[in-house]
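J.: build me a structure from this.
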Amino acid sequence: MKRVKLINDPAELVALFRAVDSVNRREVLTTLAEGWTMISDLVAKHGEETYGAITYFEKFKLVESRWEVNSETGRPEKGYRTFYNAFQVSTSLTFDETQELLTVVLMTEKKFKSLEAKIY
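T.: Numbers count the residues shown, from 1 in each chain. All right, here's what the predicted structure looks like:
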């Protein structure tokens with residue numbers, strides 16, 4: 001089944017671009033796009049930064065989760081996959097809005113987290 005996320009609000013573009021602004025997040029998201037993957041497999045493949053990536057993806061509803069039994073340990077753990085298969089962008093921006101959008105998208109992770117902490 002194809003699930004398409006329609007993006008009408010430019011602010012949603014920021015969340016989407018930030019979701020793939022680092023090599024680790026991109027790799028985790030690529031793995032999740034392939035299908036259900038347990039958190040232990042993600043951490044084994046992509047390292048401890050996986051937890052931060054998953055938290056970010058959940059925050060913006062880019063992934064869904066379910067409980068699965070780990071065949072090696074016999075214990076339940078969360079599995080994840082991407083919620084959407086595709087994105088459709090339909091928005092119009094003024095020049096100033098475009099400039100602001102790109103400023104946020106292109107800022108360093110450190111500066112972004114600093115500003116995000118002030119907001120939340």
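
J.: grab the most central residue of this protein for me.
T.: In the chain, the residue lying closest to the centroid (CA atoms, centre = their mean) is residue 57, at 3.3 Å.

J.: and that one, how far is that from residue 18?
T.: As for residue 57, its distance to residue 18 is 11 Å (criterion: CB to CB, to the nearest Å). To be clear about C-beta, it is placed using only N, CA and C from the backbone, and glycine gets the same treatment.

J.: what do you get for residue 71?
T.: For residue 71, the distance to residue 18 equals 34 Å [CB to CB].

J.: same question for residue 55.
T.: For residue 55, the distance to residue 18 (CB to CB) stands at 13 Å.

J.: looking at the two, which one has more neighbours?
T.: residue 18 (18 against 9; other CB atoms under 10 Å).

J.: please, which helix or strand holds that one?
T.: Using DSSP states H and E, residue 18 sits in helix 10-19.

J.: what of residue 52?
T.: Secondary structure from DSSP H and E places residue 52 in helix 49-59.

J.: what's next to stretch 109-119, contact-wise?
T.: Contacts to stretch 109-119, defined as CB atoms under 8 Å, 6 or more residues apart in numbering, come from residues 18, 21-22, 104, 107.
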